[in-house]
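Colleague: Sharing a model that was predicted from the sequence below.
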Amino acid sequence: MDDIIVIDDFLNKEELNHVQDVNTYMDSHWQIHNSAKDQDVFDFNTPFLSKNLMDTEYYTSYLFNKIKKIFKQDYKLVDVYLNGHEALRHGSFHTDGDADRTVILYITPWQPAWGGFTQFMKSERDHVIVPPILGRLINFRSNILHKAYAYCNQNCPMRITVAFKLKL
């Protein structure tokens, strides 16, 4: 399987409406998270928001099964959660050591001027930049260094993704 796979329009309109439902991500269950807390990285260590979805069947069953079907893999779900990056609060370079593959699903609106890209560093000279287009899904090897960039203006919405950690 390729290191980084990008699939556009992973969600249909009904699915997109469901994951964007304000009740799913605008309640009080967000926690402060730090992706690089125990890693030797060369980046600022900026906390961001995270919300666990392991008790939400829509994500652990419906969307997870859709991911397994599209990639024709019998993945095991390790974790699923929302990542929330408030404007101007970028993530840190990190790997997802607790998984073999990570799947990110972009669920908030995006304008090109806002930034909000995900950067993958396959090597010091080999970088991949992926724009956070609404409904886009990225499936990548979890041991690739990667970093989420927040939207670049304080008037932008929070950049929210769904992250699936998977074992092969």
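Modeller: Alright, I've got the coordinates. Numbering: from 1, shown residues only.
Colleague: and the most centrally placed residue in the chain, what helix or strand is that in?
Modeller: Centroid-nearest residue in the chain: Ile104, 3.5 Å away (criterion: C-alpha atoms, centre = their mean). Following DSSP states H and E, one finds Ile104 within strand 101-106.
Colleague: by contact count, what packs against the helix or strand following that strand?
Modeller: Per DSSP H and E, the first helix or strand lying C-terminal to strand 101-106 is strand 118-121. Packing contacts for strand 118-121, counted by 3 or more C-beta pairs under 8 Å, 6 or more residues apart in numbering; DSSP states H and E, involve strand 127-130, strand 145-148. From N, CA and C alone the C-beta is placed, and that goes for glycine too.
Colleague: To Ser92, which of those strands lies closest?
Modeller: Ser92 lies closest to strand 145-148 among the helices and strands packed on strand 118-121, at 6.3 Å (C-beta to C-beta).
Colleague: distance between the helix or strand just after that closest one and the chain's centre?
Modeller: Using DSSP H and E, the helix or strand that follows strand 145-148 towards the C-terminus is strand 159-167. On the basis of C-alpha atoms, centre = their mean, to the nearest Å, strand 159-167 sits 4 Å off its chain's mean C-alpha point.
Colleague: any residues touching strand 159-167, and which ones?
Modeller: Residues outside strand 159-167 that contact it (C-beta atoms under 8 Å, 6 or more residues apart in numbering) are 19, 25, 53, 59, 63-64, 67, 73, 75-85, 87, 96, 98-108, 110, 116, 132, 142, 148, 150-151.
Colleague: hmm, try it at 6 Å
Modeller: When contacts are defined by C-beta atoms under 6 Å, 6 or more residues apart in numbering, strand 159-167 is touched by residues 25, 75-76, 78-85, 96, 99-108, 116, 150-151.
Colleague: And for stretch 57-65?
Modeller: Leu53, Leu77, Val80.
Colleague: Packing partners of whichever strand or helix holds the second one?
Modeller: This means Leu77. Assigned by DSSP H and E, Leu77 falls within strand 76-85. Packing partners of strand 76-85 (3 or more C-beta pairs under 6 Å, 6 or more residues apart in numbering; DSSP states H and E): strand 48-52, strand 159-167.
Colleague: So what are the sheet partners of that strand and their directions?
Modeller: Strand pairing for strand 76-85, determined by DSSP bridges: strand 48-52 (antiparallel), strand 159-167 (antiparallel).
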